[in-house]
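# Sequence first, then the predicted structure:
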Amino acid sequence: MGIFFKTPKHRVFNYQPLYYDPRKEELEEKIENQRKRDAGEYVPGDNVRKGFHRIKYESKRSSGASMIIRLISVITLGIVVYLLMRFTDAFDFFMNI
């Protein structure tokens, strides 16, 4: 079959990951804001956009808490289903069908 169809070669990507340093980013942002204040430039809503970006970044970092909540929910749901199956006759009816 290899004679009839041309098999594509694998693609090579030149990806170089960047290191993100939140302290350095915050310092550069403060320096830039101070330069704008000294120069008299004012951009309305600039701090609001950066605040939303910061909140989004922090919420991604705290995703471990949501994972724990999800795990507790699944375990609780399993316990409730087990108790319903154990102590009700309704599940016996469905199991025997």
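Sure thing, it's come through.
# CA atoms for contacts and neighbours, from now on please.
OK.
# Number of residues surrounding L84?
L84: 13 surrounding residues under other C-alpha atoms under 10 Å.
# and the gap between it and V74?
15 Å (C-alpha to C-alpha, to the nearest Å).
# so what's V12 up against?
Residues counted as contacts of V12 (C-alpha atoms under 8 Å, 6 or more residues apart in numbering): none.
# pLDDT value on it, please?
Looking at V12, its pLDDT is 77.
# Next, it: secondary structure please.
For V12, the assignment made with DSSP: H, G, I helix; E, B strand; the rest coil gives coil.
# Show me what the lengthiest helix in the chain is packed up against.
In the chain, assigned by DSSP state H, the helix with the most residues is helix 63-87. Counting contacts by 3 or more C-alpha pairs under 8 Å, 6 or more residues apart in numbering; DSSP states H and E, helix 63-87 is packed against helix 90-96.
# Give me the below-cutoff pLDDT ranges for this structure.
1-3, 15-17, 41-50, 57, 59-64, 90-97 (pLDDT under 70).
# one more time with 50, if that's ok
Residue ranges of the chain with pLDDT under 50: none are present.
# Give me the buried positions along the longest helix of the chain.
Judged by neighbour count (16 or more other C-alpha atoms under 10 Å), helix 63-87 contains no buried residues.
# What distance do you get for K36 to R70?
K36 is 44 Å from R70, by C-alpha to C-alpha.
# same check, this time on Y20
Computed with C-alpha to C-alpha, the distance linking Y20 and R70 is 29 Å.
# Likewise for F13?
F13 is 36 Å from R70, by C-alpha to C-alpha.
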